[in-house]
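> sequence isn't available, so here's the structure alone:
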C-alpha cells in the first residue's frame, strides 16, 4: 500500500459546507474518502479519453417479446467477442430482461459496441458505465 500524505486545500466555506452535506447523504465515512473517489473518477475518465485499455459494463433493459431482439443482440455480441469478458442475463418479470455485458478493451471499441446494442429496436434502456482496469489508478 502507498504511504499516505496529508494535503490541504483552500476552498470557499459555503462550497465546503454544501459538499459535506452531500457526502454525508452518500454515507461517506470521511471527507478524504469522498475526495479520493473524485480523484479516481477523474483518472478513469482520463484513461478513457487517452484510449488506454479500460473496462466497463453495458446495461440493457428490453422486452424479450420483441421480434428477433435476442438474436440481434447476440449477433452483435458475437461480432465483438474479443472485448466481452462476461454477460449476465436476468429475467426482471414475464416481459422484461436485464442484460449486463462486461467489457475490457479500447474505449472506442467499447463505445461502439454500446451504441450498437443500445440502438437495437426494442431496447428500452441502455447505459455504459466506464471503469478502469485498476492498473493506473
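Received it, and whenever you're ready, just let me know what you need. Since we're looking at a predicted model, the values are computed, not measured.
> tell me which residues in the helix ranked longest in the chain are buried?
If you go by DSSP state H, the chain has its longest helix at helix 31-49. Residues 34, 44, 47-48 are the ones in helix 31-49 that count as buried (16 or more other C-beta atoms under 10 Å). Backbone N, C-alpha and C define where each C-beta goes, glycine included.
> stretch 50-61 too?
54-60.
> one step back: by contact count, what packs against the longest helix of the chain?
helix 13-25, strand 54-63, helix 107-118, strand 123-131 (3 or more C-beta pairs under 8 Å, 6 or more residues apart in numbering; DSSP states H and E).
> and the angle from the third one to strand 123-131?
The directions of helix 107-118 and strand 123-131 differ by 160 degrees, with axes from the mean of the first three to the mean of the last three C-alpha atoms, to 10 degrees as the criterion.
> ok, now the longest one?
Orientation note: helix 13-25 sits at an angle of 110 degrees relative to strand 123-131 (the same axes, to 10 degrees).
> and the residue lying closest to residue 69 once chain neighbours are set aside, how far from residue 128?
Excluding the flanking residues, the one nearest residue 69 by C-beta to C-beta, 6 or more residues apart in numbering is residue 122, at 4.2 Å. To residue 128, residue 122 is 18 Å away according to C-beta to C-beta, to the nearest Å.
> more neighbours: which of the two?
residue 128 (19 against 16; other C-beta atoms under 10 Å).
> neighbours of the nearest residue to the more buried one once chain neighbours are set aside, just the number please.
Nearest in space to residue 128, with sequence neighbours left out and distances taken as C-beta to C-beta, 6+ apart, is residue 114 at 4.2 Å. Neighbours of residue 114 under the rule other C-beta under 10 Å: 22.
> isn't residue 114 right up against residue 129?
No - Residue 114 is beyond contact range of residue 129, at 9.7 Å (criterion: C-beta atoms under 8 Å).
> which neighbours do those two share?
Common contacts of residue 114 and residue 129 (C-beta atoms under 8 Å, 6 or more residues apart in numbering): 56, 58.
> using the three-state scheme, assign residue 76.
Three-state assignment for residue 76 (DSSP: H, G, I helix; E, B strand; the rest coil): helix.
> save the buried residues of stretch 50-61 as CSV, and put in pLDDT too.
Putting the buried residues of stretch 50-61 into CSV (pLDDT from 0 to 100) gives the following:
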residue, pLDDT
54, 97
55, 97
56, 97
57, 98
58, 98
59, 98
60, 98
